[in-house]
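[1] Okay, sequence plus prediction incoming.
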Amino acid sequence: MIVIGVGHAGVERFVQQKMAQAAYTDDVVIIHTWDQLSSHLKQAHKVLMGERLLRDVPLPALTELLQSYPHIEWLLWTAENSVWTALNGEVEIWTGELTPEKLEGWIQHTTSNGSATLRTHWLLWSPSGCYDRVLSIALLTHKMRQMHKIGTWIDLDWTHSLLTSWWNPQGAGHEAFPYARLTRQKADWGYIAPAPLPWMPVLFQPDVRDIERMLRTVHGWQGWDIGVDLRPLSVGVVAQSVDQAVIHISSGLRQPLEQGLQLLRSMNPRLEFIATGPDPNNLSRKLGLPSLDADASTDTGLRRLFKRRHRKNSH
């Protein structure tokens, strides 16, 4: 659901005309007061609020609301020098004229009825260190190979290196293993920049220059497995540069998930969120996260993809 509350007759008329033409595949709701917003927040994944409806809302109250619903893509439309510009960096803010083209682009940017599709540049994060994240790795690789000929996986999870283990479960000798400075290697989907496996010595960590170099090296799609830890500076650099965050959900850890979404949103207010995993629906539905639209997204399908890859690498 997309919620629009701007208090502007011209904007509302434009949206209503588009709705009458069935131009939107998502549900679009127009509200006229601040109080009407709360009843839609559980279903909403995008909210546009204008200054006319925000005029009498205290800044602390708005800040608290934004933090309570980190999965929502918030957009504030306001005048220059408004008090709401203090939130810049935490939420997307538009100033000046809201043209029909600009509004239409924002509404159509991601429309879904509980499902979503992948962009070409994204990161994968899990609020828990569970091993079954490899199921999402298998699914994402499968989906991207269907959509694009080649692409690149980058393993930034140097604690667990699940992506690298999935790619090369046998590993290699310390001298031969190609993880220095995020070195790209050939893979059957294109390329991978592997991480050291857990039993290998780590003499350094990738720095910002390594991350930026990889971001510039684009061949088709690009996926970053950042693991669990959102604190490294490298994660912030990646989050600011990609379009989507794919969230692997496999348990009911609601508080870590909400806090992680909030932190990722603070890194990049424009970041889109997609839920995936063995069974993300219950928790993601409560938080309003769209789920990855995939025929292999069931638990059985995910495990089948993983086992197929594991058998191939074991021979």
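    Sure, I can see it. All values derive from a computational prediction rather than experimental measurement.
[2] use CA for all of it now, contacts and neighbours both
    Will do.
[3] mind listing the strands in the stretch 101-250 of the chain by residue range?
    115-116, 121-125, 151-155, 185-187, 190-193, 221-227, 244-248 (DSSP state E, counting those that start in this stretch).
[4] Packing partners of the fourth one?
    So the one you mean is strand 185-187. With contacts taken as 3 or more CA pairs under 8 Å, 6 or more residues apart in numbering; DSSP states H and E, strand 185-187 sits against strand 190-193.
[5] can you put the strands of the stretch 101-250 of the chain in JSON lines and add distance to L75, mean pLDDT and mean neighbour count?
    Output for these, formatted as JSON lines (distance: least, CA to CA, whole Å; pLDDT from 0 to 100; neighbours: other CA atoms under 10 Å):
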{"stretch": "strand 115-116", "distance to L75": "20", "mean pLDDT": "60", "mean neighbour count": "16"}
{"stretch": "strand 121-125", "distance to L75": "21", "mean pLDDT": "95", "mean neighbour count": "23"}
{"stretch": "strand 151-155", "distance to L75": "31", "mean pLDDT": "95", "mean neighbour count": "24"}
{"stretch": "strand 185-187", "distance to L75": "39", "mean pLDDT": "89", "mean neighbour count": "13"}
{"stretch": "strand 190-193", "distance to L75": "35", "mean pLDDT": "92", "mean neighbour count": "21"}
{"stretch": "strand 221-227", "distance to L75": "26", "mean pLDDT": "95", "mean neighbour count": "24"}
{"stretch": "strand 244-248", "distance to L75": "17", "mean pLDDT": "93", "mean neighbour count": "25"}
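[6] so which of those gets nearest G96?
    strand 244-248 (26.9 Å; CA to CA).
[7] pull the CA atoms of that closest one into CSV?
    The C-alpha coordinates for strand 244-248 follow below in CSV (Å, rounded to 0.1, in the frame of the first residue of the first chain):
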residue,chain,number,x,y,z
GLN,A,244,17.9,-2.6,-2.5
ALA,A,245,18.5,-4.6,0.7
VAL,A,246,17.4,-8.2,0.6
ILE,A,247,16.6,-9.3,4.2
HIS,A,248,17.0,-13.0,5.0
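[8] Who are the packing partners of it?
    Applying 3+ CA pairs under 8 Å, 6+ apart, one finds that strand 244-248 contacts strand 121-125, strand 272-276.
[9] circling back to that earlier point, and the strands of the stretch 101-250 of the chain as TSV, adding distance to G10?
    Below are the strands of the stretch 101-250 of the chain laid out as TSV (distance: least, CA to CA, whole Å):
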stretch	distance to G10
strand 115-116	30
strand 121-125	35
strand 151-155	44
strand 185-187	53
strand 190-193	49
strand 221-227	39
strand 244-248	32
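[10] Secondary structure class of E258, three-state.
    helix (DSSP: H, G, I helix; E, B strand; the rest coil).
[11] Report pLDDT for it.
    In this model, E258 is scored at 84, pLDDT.
[12] Make 38 the first number, not 1, from now on.
    Done: numbering now begins at 38, and the last item shifts to E295.
[13] That one and Q104, how far apart?
    Distance of E295 to Q104, computed by CA to CA, to the nearest Å: 9 Å.
[14] what's the answer for D266, then?
    Computed as CA to CA, the D266 to Q104 distance reads 20 Å.
[15] repeat for Y168
    Y168 sits 29 Å away from Q104, going by CA to CA.
[16] Next, the buried residues of stretch 94-106.
    Within stretch 94-106, the residues that count as buried by 16 or more other CA atoms under 10 Å are 103-104, 106.
[17] List the ones among the residues you listed that fall in strands.
    Secondary structure from DSSP state E places none of those in strands.
[18] Rebuild those as JSON lines, extending it with distance to V239 and pLDDT.
    Output for the buried residues of stretch 94-106, formatted as JSON lines (distance: CA to CA, whole Å; pLDDT from 0 to 100):
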{"residue": "L103", "distance to V239": "39", "pLDDT": "81"}
{"residue": "Q104", "distance to V239": "37", "pLDDT": "75"}
{"residue": "Y106", "distance to V239": "38", "pLDDT": "76"}
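[19] And these, which is closest to S75?
    Distance to S75 across those (CA to CA) is lowest for Y106, with 10.8 Å.
[20] Let me know the secondary structure of L99.
    helix.
[21] can you tell me how far it sits from Q58?
    Noted for L99: a distance of 33 Å to Q58, by CA to CA.
[22] what does R302 give?
    Distance of R302 to Q58, given as CA to CA: 33 Å.
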